[in-house]
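1. Attaching a predicted model along with its sequence, questions to come.
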Amino acid sequence: MPFCRLTRSAAAGAAAAMLAVLTISLALPARAQQPATSTSTPDGEVFALKLPAAATPAANEASGTVQFIGTATVLIRYQGFTILTDPNFLHKGDHVHLGYGISAERLTNPAIELDKLPAIDFVVLSHMHEDHFDKLVQEKLPKDTPIVTTKESAASLEKLGFTRGIGLGKWDQVEVEKGESRMRLTAVPGRHGKAGMQALLPSVMGSMLDFGPNKAAPTYRMYISGDTLVYDDLKNIPQRFPGIDLALLHLGGTRILGVFKVTMDGKDGVQLLQIIRPQHAIPIHYNDYDVFKSPLADFAREAKAAGLEEQVSYLAHGETYSFKPRTR
Ligand SMILES: [Zn+2]
């Protein structure tokens, strides 16, 4: 167990501690501040997030970009929106704590420093682990940044002083409005580990980002997997959201205690592509921590073997993928 600071005998004690913590956290109500308006639909809650209009209207912007910063951190810019995912701005040699005495060492640097980011409209946070929302971000990110995340993470964010967390359950949505620009985010299934491990790991959401005013025909549909393994519920995603333009895949084949796989390895990533069937895909969340055990080469090899290599763009840290609105 080269990366783990627990001995095996300590692991049993850690498991008991995990259950104790879980019991306590379940007893706490989720009280994250929600936007003023939300409505119930048969498919879940729909929240409204109204952002101040930009000086220059950009609703008809001709192209969008996805810039890979590192780990699962990307900057998405399209139609006037600037969206940051899973902010992790620690450096090579820094450690993150994944709970229960388990830590991981970062092996890379972020392509942009936290204080050099452009103005962010909102953050999408797949779950509360420090390789997705680190101590630096907890301290320095403005506390009034809107953060769209799971209900569990929204409750944690509130305890950290963040005032605009929006906690979503599965299939809940946020309708985002900024001047003339419109988009919506839907929380889609994701599960960090096998069924038996769920109680020991944070809840995770995948995200579907639909851009444009027309709900039935988005100008661009982007899926972000979150830290998930492949399991049956993921098959419901393409049924509800056909025609995905771009998928961002959290890979890495992360191993906890050297044994338990909690994120997709290369083979899983290709399996997810075959389920989701996006037009295009970008792997992220690989090679950044010592607990990421499946290098990007695993995925590249599997994608090639499956005949999917044409659909994949590989971004080095700092590189940007550009896209155009969907034409049908
Ligand atoms: Zn992760």
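-> Great, that's in hand.

2. For the rest of this, base every contact and every neighbour count on C-alpha atoms.
-> Fine.

3. Show me which residues of stretch 268-278 are buried.
-> Residues of stretch 268-278 classed as buried: 268-273, 275-278 (neighbour count, 16 or more other CA atoms under 10 Å).

4. what's the offset of that stretch from the middle of its chain?
-> Its chain's C-alpha centre and that of stretch 268-278 lie 17 Å apart, by CA atoms, centre = their mean, to the nearest Å.

5. same thing with stretch 124-138?
-> The answer for stretch 124-138 is 10 Å, by CA atoms, centre = their mean.

6. Likewise for stretch 226-238?
-> Averaging C-alpha positions (CA atoms, centre = their mean) puts stretch 226-238 13 Å from its chain's average.

7. contacts for that stretch?
-> By CA atoms under 8 Å, 6 or more residues apart in numbering, the residues outside stretch 226-238 that reach it are 126-127, 188-194, 204-207, 244, 249-251, 262-264, 268, 271-272, 275-277.

8. from the residues you listed, which ones fall inside helices?
-> Here DSSP state H is the test, and those give 268, 271-272, 275-276 as lying in helices.

9. so where's the chain shaky on pLDDT?
-> Residue ranges of the chain with pLDDT under 70: 1-36, 56-60, 328.

10. residue ranges of the helices in it, please?
-> 8-27, 135-140, 151-159, 236-240, 266-276, 296-305.

11. so how far is the last one off the chain centroid?
-> The gap between the average C-alpha position of helix 296-305 and the chain average comes to 22 Å, counting by CA atoms, centre = their mean.

12. again, but for the fifth one
-> Helix 266-276 has its average C-alpha position 17 Å from the chain's average C-alpha position, going by CA atoms, centre = their mean.

13. orientation of it relative to helix 296-305 in degrees?
-> Per axes from the mean of the first three to the mean of the last three CA atoms, to 10 degrees, the angle that helix 266-276 makes with helix 296-305 is 50 degrees.

14. Show residues contacting helix 266-276.
-> 229-230, 234-235, 237-238, 244, 249, 251-253, 281, 294-303, 306.

15. hmm, which of the residues you listed are the buried ones?
-> Applying 16+ other CA under 10 Å to the contacts of helix 266-276 flags 229-230, 234, 237, 244, 249, 251-253, 281, 294-296, 298-300, 302-303 as buried.

16. that older thread, tell me which of the contacts of stretch 226-238 fall in strands.
-> In this view, those that belong to strands under DSSP state E are 188, 206-207, 249-250.

17. Can you add distance to residue 156 and give these back as TSV?
-> Formatted as TSV, the ones in strands among the contacts of stretch 226-238 follow (distance: CA to CA, whole Å):
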residue	distance to residue 156
188	20
206	18
207	19
249	25
250	22
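
18. Among those, name the buried ones.
-> Of these, these count as buried by 16+ other CA under 10 Å: 188, 206-207, 249-250.

19. From the residues you listed, pick the one nearest residue 132.
-> For those, the residue nearest residue 132 by CA to CA is residue 250; the value is 11.1 Å.

20. Show me what that closest one bridges to in the sheet.
-> residue 284 (DSSP bridges).

21. Surely it touches residue 281?
-> No. Using CA atoms under 8 Å, residue 250 makes no contact with residue 281, being 10.8 Å away.

22. residues contacting residue 107?
-> Counting by CA under 8 Å, 6+ apart, residue 107 touches 91-93, 287-290.

23. Next, the distance between the ends of stretch 66-75.
-> 6 Å (CA to CA, to the nearest Å).

24. what do you get for stretch 259-266?
-> The first-to-last residue distance of stretch 259-266 comes to 17 Å (CA to CA).

25. With stretch 286-294 instead?
-> Taking CA to CA as the measure, stretch 286-294 stretches 7 Å from start to finish.

26. cool, stretch 48-61 as well?
-> End-to-end distance of stretch 48-61 (CA to CA): 23 Å.
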